[in-house]
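**Q** have a look at this fold, sequence not included:
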């Protein structure tokens, strides 16, 4: 209550202070914002006006340039005498041209001496020389393309408004100078256009050459003006030659203006448009006057309300921050709990397996052990190792770090082949129904992991039905996919060839069990989470399904209703039928014996390396053991022919086994590589890149078969090369 009262007093204090300070502060803020906004609006208006003026000038000069080019083509091959002979006809053509283009005062064709052969003003033309005009002498010594001259006064007897020349050189066939074609352009045409588009007070336009000579000016000037290249305007243009926006006192009248300029492409001409800064300030003052008359009371009241709302909002945000902190603390405790469950579960299961192995080793060390008991203990050790490998595989599959071995297979056929095994596993009291499609549903996934996922889902369904009921397996092309996969199916319509581009195959496992409460649906895929009694489940079955689905580019979902059963749906990316490999005749497995084969073993764990070396040596292999990939590569670079095959661990410090294999391939060292790993994030993301792979833990017999196969393929390639 006291806190609420203090808040009320604080609000009252704010409002009391605001009753005095608010009008001044608000007016200052509004003035600053309004002035900035007025400047921004003025700049945008200048840019838009400049766009219009630039486009207009560009079209005018392009039209004139095109007309001069057409005239040049007409008289290109004609001697001066022929032009004079055709003067009446050409005069009419030039007159039509100048009449059709309002920006033109006249059009001329001059000979090499500067005398008019034809013009649009009079026929025949006056016998005058115009060789002193800039539009003529600029072309005499060099070819410069289109030339735009300075503003000129007509030479008597010709009269009228001032003009500037746009001209092109006339060349003979050998490239020599034979005259000029020129158009007299009216500056007042541009100035009249600027007057139409610059109706706002303080509007300004100018068009000038790159050397500073002005050709058109609005407001109009009664004198010629040339800007100093070293003056303020010239320096700004030199710093930003293509376009810019500056505030400057214009040299013609000293009035400060906000001016935008832009160069016309391919022409030595700049177009400028702007507004007087006094006009911009007048707009701002008019806006602020409206605020003063109408806006101050309302704005002051609004500010008070906003201040009150600010305090209330701040209070709500503080409460929300506290709530978020509490939620984060809860999530953190849940993560710690899950980590504790994971650590405890793994420790418990591995301690059981290690106990079996330790006890078996102790019993094997006893003297006078019978062969039957020795074989039984060895079998127990092997079974414990297999169970440990399976547990590790399930953990890696959940973490999406298991190196899968994908292959293309038909889901329906693979499920049908598991029918008898599932019947034995589930028991006679459970009815198995399989609804398989008539067409093939091919996927590219690890077949062993797929079968394990099916068995885990089936076992979970059996336990939910307490060993009695019906399980329905349904395989079909998925029509509705989870939201997490929806973007992959949409990419198919855009021509994507990635995962999901051919849709997905749905494998649904439905049971008639007790169902799953809604509060537990979000946790069923967590490792070691189980609702079963102690000793009846590890909680890793569904987590393996989850990890396998995600790592295969798919998803797993569940729908359930208490008392009505559950349905788990596994989605895997579908592949086209043409990817199904052709069946091949079985080949005879190579001999296990080493027969003197030389193997370079690369293993940073020296105990494991010695184990592999000893086992292979017993089988007749010649072994060279190195504990890092860098030294192994150096050994191969010295003499690669010593070795028949390289056997390397993947996870090693500095240079990994995958890096070593890639380096061997890049350097074209002709020694096959066999990799081994129990966990590799690189392999889980990129695959084995075409190299043979042996999963840890491995047996010496399995390793020998893989080494023989790799070496045999090398001998086949070498023989084919010969």
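**A** Cool, the structure landed. Every value quoted in this text rests on a predicted model; they were computed, and no experiment measured them. Residues are numbered from 1 along each chain as shown.

**Q** ok, residue 95 - contacts?
**A** residue 120 (Cβ atoms under 8 Å, 6 or more residues apart in numbering). For the C-beta atoms, the positions are set from N, CA and C on the backbone; glycine is no exception.

**Q** how about the closest residue to residue 678 other than its chain neighbours, what does it touch?
**A** Closest residue to residue 678 in three dimensions, ignoring its sequence neighbours and counting by Cβ to Cβ, 6 or more residues apart in numbering: residue 696, at 3.5 Å. By Cβ under 8 Å, 6+ apart, the residues touching residue 696 are 389, 676, 677, 678.

**Q** can you tell me the SS state at the second one?
**A** The three-state label for residue 676, taken from DSSP: H, G, I helix; E, B strand; the rest coil, comes out as strand.

**Q** that one reaches residue 651, doesn't it?
**A** No - at 9.7 Å, residue 676 and residue 651 do not qualify as touching, with contact defined as Cβ atoms under 8 Å.

**Q** need the residues touching each of these two.
**A** If you check residue 676 and residue 651 against Cβ under 8 Å, 6+ apart, the residues they both contact are residue 657.

**Q** which of those two has more neighbours?
**A** Neighbours of residue 676 and residue 651, each counted by other Cβ atoms under 10 Å, are more numerous for residue 676; the result is 25 against 18.

**Q** which strand residues bridge that one?
**A** Legend: beta-bridge partners of residue 676 under DSSP bridges are residue 649, residue 694.

**Q** what's in contact with stretch 195-207?
**A** With contacts defined as Cβ under 8 Å, 6+ apart, stretch 195-207 is touched by 45, 49, 52-53, 57, 187, 190-191, 194, 214-219, 250, 257, 259, 269-276, 278-280, 282.

**Q** among those residues, which ones are in strands?
**A** Within these, residues falling in strands by DSSP state E are 214-218, 257, 259, 269-276.

**Q** re earlier: give the buried subset of the contacts of stretch 195-207 as a ChimeraX selection command.
**A** Burial among the contacts of stretch 195-207 is assessed by 16 or more other Cβ atoms under 10 Å; the matching ChimeraX selection reads:
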select :45,49,53,57,187,190,191,194,214,215,216,217,218,250,257,259,269,270,271,272,273,274,275,276,279,280
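
**Q** quick one: the helices in the stretch 151-300 of the chain?
**A** For the stretch 151-300 of the chain, applying DSSP state H, counting those that start in this stretch gives helices covering 187-197, 232-239, 277-290, 296-364.

**Q** least reliable of those by average pLDDT, please.
**A** Per-segment confidence across the helices of the stretch 151-300 of the chain bottoms out at helix 296-364, which has a mean of 64 in mean pLDDT.

**Q** ok and the top helix by length along the chain relative to strand 269-276, angle-wise?
**A** Ordering each helix of the chain by length in residues (DSSP state H) puts helix 2-75 first. Going by axes from the mean of the first three to the mean of the last three Cα atoms, to 10 degrees, helix 2-75 is angled at 140 degrees with respect to strand 269-276.

**Q** chain center to whatever helix or strand comes next after helix 2-75, what's the gap?
**A** Tracing the chain past helix 2-75, the next element assigned as helix or strand by DSSP states H and E is helix 80-85. Centre-to-centre, helix 80-85 and its host chain are 67 Å apart (Cα atoms, centre = their mean, to the nearest Å).

**Q** where does the stretch 551-700 of the chain dip in pLDDT?
**A** Scanning the stretch 551-700 of the chain for pLDDT under 70 picks out 579-592, 679-689.

**Q** Provide a list of residues in contact with residue 603.
**A** Applying Cβ under 8 Å, 6+ apart, we find residue 603 in contact with 609, 612, 625, 627, 648, 649.

**Q** go again with 7 Å.
**A** Contact criterion Cβ atoms under 7 Å, 6 or more residues apart in numbering gives 609, 612, 627, 649 as the residues in contact with residue 603.
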